[in-house]
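Visitor: need coordinates for the below:
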Amino acid sequence: MRTTYITALVIAVIVTIWLLSGQINQPKKIMPEPLSVQNSELTDSQSDTPLTRIRAIVMHAQEKISKITVRGQTQNKRTVVVKSETKGRIISRSVERGDQVAKGTLLCQLAVDDRKVAVLKTEAELNHAKIDYQGSLKLQKRNLQSATDIASVKAKLARATADAARAELELARTEIRAPFAGLVENTHVENGDYIQQGAGCITLIDLDPMLLVGQVAERNVHKLKLNATAIGTLSNGQILEGNISFIGSKSDENTRTYTIEAEIPNADLAIKSGYTAQIVVNVGRLSAHKVSPALLSLDDIGNIGIRTVNAQNRVEFHPVDIIEDDPSGIWVVGLPATTTLITVGQELVVPGEEVKVVFEATGGFPASSPVSSEDKSFQSAIKSSAQPSDKTSGRVLATDIVRSSVASPGTITSGTGISP
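Guide: Alright, predicted model coming up:
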């Protein structure tokens with residue numbers, strides 16, 4: 001028994017010593033420094049890193065007419081197939097395709113047949129009914145005619161009047177006349193043809209005024225107003241100008257666009273229907289900047305914008321909207337009225353970063369800041385580094401320009417900054 005106790009005691013002592021050996025040999029745990037100390041050390045390390053040098057230029061906003069551009073076409077105001085209101089044989093068609101006609105011009109003449117005779121018959125019956133009615137009135141004054149007899153004679157007079165008017169109308173329908181002034185686009189009958197009621201005689205189109213018709217996206221239709229100026233450029237180079245006369249209130253189910261129309265005077269009928277047109281509508285005046293498309297960039301969530309520098313030489317990102325573009329640049333809104341645009345190196349910096357600004361001095365931009373001798377040497381270095389070094393492509397990226405111009409030790413690792 002005693003031997004067992006001694007053995008257990010020895011084993012317990014050995015295990016205790018083994019457990020304590022881990023605590024003895026473990027290095028002392030070092031507590032992390034406070035955040036204030038870490039931030040101070042980070043600021044000190046950053047102050048030792050040379051600032052990224054970028055090129056910039058000061059620009060001022062300009063007043064710009066905001067425009068909406070849509071594709072469309074010219075379209076005649078109305079097209080009508082002039083139809084016959086009675087049946088009969090065509091004895092005369094007095095117009096040909098391409099003829100210009102005034103309102104009321106005779107287009108097609110149908111044979112009168114017995115319609116003239118019907119008019120004479122109904123006129124005679126009407127005269128007889130009038131005499132009967134007048135006689136009945138005289139008898140009534142002498143109390144020799146009852147009220148029933150008077151009513152019967154009056155009804156007969158009304159029927160005769162209606163029959164006479166109907167016969168005259170049927171006779172008038174033998175002449176098919178132009179409902180408005182226009183141009184004969186097509187003919188549907190020839191002399192001798194027999195047509196039924198509702199058959200077409202000619203197709204008449206109205207070319208004055210001419211319409212410019214286009215489809216506007218739903219994001220822009222709220223900007224349009226009636227009587228706004230619309231300018232259309234036709235495929236043949238002709239320029240038309242008119243005012244918006246119609247803005248659709250229901251969108252197309254397939255394209256989700258709204259129809260607009262502008263009326264164009266066309267008294268000489270020189271403008272044809274169906275020309276392709278680019279329609280520009282003035283919708284107001286805005287304060288905008290004209291910049292190069294190369295200055296556009298994206299933020300972390302994909303918004304299009306431009307990087308600028310504030311008064312503290314720190315980078316800012318401003319989302320912008322493009323309102324117009326032309327071969328010399330784009331017009332954007334969303335920037336401060338006076339702003340310093342980063343022209344070279346915008347992809348190497350991030351918002352909030354402090355940079356070294358080198359101002360450009362080019363006549364192509366407004367209000368640039370003066371250039372120091374140090375900046376002139378920097379610009380010379382940029383120009384010398386802008387020679388194509390790639391024989392296959394012959395292109396130099398903005399990142400290559402900035403790499404060659406940074407006058408401090410360090411290497412560019414990823415195009416986002418300079419690491420020592």
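Visitor: quick check, Ala118 in contact with Glu170.
Guide: Yes: with contact taken as Cβ atoms under 8 Å, Ala118 and Glu170 are classed as touching, separated by 7.0 Å. Any C-beta I mention is one placed from the backbone N, CA and C, and that applies to glycine too.
Visitor: how about the helices of the stretch 1-150 of the chain, start to end?
Guide: Assigned by DSSP state H, counting those that start in this stretch, the helices in the stretch 1-150 of the chain fall at 2-25, 35-47, 115-141, 147-172.
Visitor: what's the closest of these to Asp299?
Guide: helix 35-47 (22.6 Å; Cβ to Cβ).
Visitor: quick check on Asn143: phi, psi?
Guide: In this entry, Asn143 is assigned phi and psi values of phi 60, psi 30 (degrees, to the nearest 10).
Visitor: closest one to Leu335 among the helices of the stretch 1-150 of the chain?
Guide: For the helices of the stretch 1-150 of the chain, distance to Leu335 was read as Cβ to Cβ. The smallest value, 28.3 Å, belongs to helix 35-47.
Visitor: just give me the neighbour total for Pro293.
Guide: Pro293 sits with 10 neighbouring residues when counted by other Cβ atoms under 10 Å.
Visitor: hmm, I was thinking of Val112
Guide: For Val112, the neighbour count with other Cβ under 10 Å is 16.
Visitor: so Lys116 makes contact with Leu171?
Guide: Yes: counting by Cβ under 8 Å, Lys116 touches Leu171, with 6.3 Å between them.
Visitor: who has more neighbours, those two?
Guide: Legend: neighbour count by other Cβ under 10 Å for Lys116 and Leu171, higher for Leu171 (17 against 12).
Visitor: residue contacts, the nearest residue to the more buried one once chain neighbours are set aside?
Guide: With sequence-adjacent residues excluded and distances taken as Cβ to Cβ, 6 or more residues apart in numbering, Leu171 is closest to Arg115, at 4.4 Å. Contact partners of Arg115, counting by Cβ atoms under 8 Å, 6 or more residues apart in numbering, are Ala167, Glu170, Leu171, Thr174.
Visitor: if you set the cut-off to 10 Å instead, what comes out?
Guide: Arg115 makes contacts with Thr86, Gly88, Ala167, Glu168, Leu169, Glu170, Leu171, Ala172, Arg173, Thr174, as judged by Cβ atoms under 10 Å, 6 or more residues apart in numbering.
Visitor: domain-wise, how is this structure divided?
Guide: Following automatic domain parsing, the chain resolves into domains at 52-61+287-405, 82-201.
Visitor: show the average pLDDT along the first one.
Guide: Average pLDDT, domain 52-61+287-405: 73.
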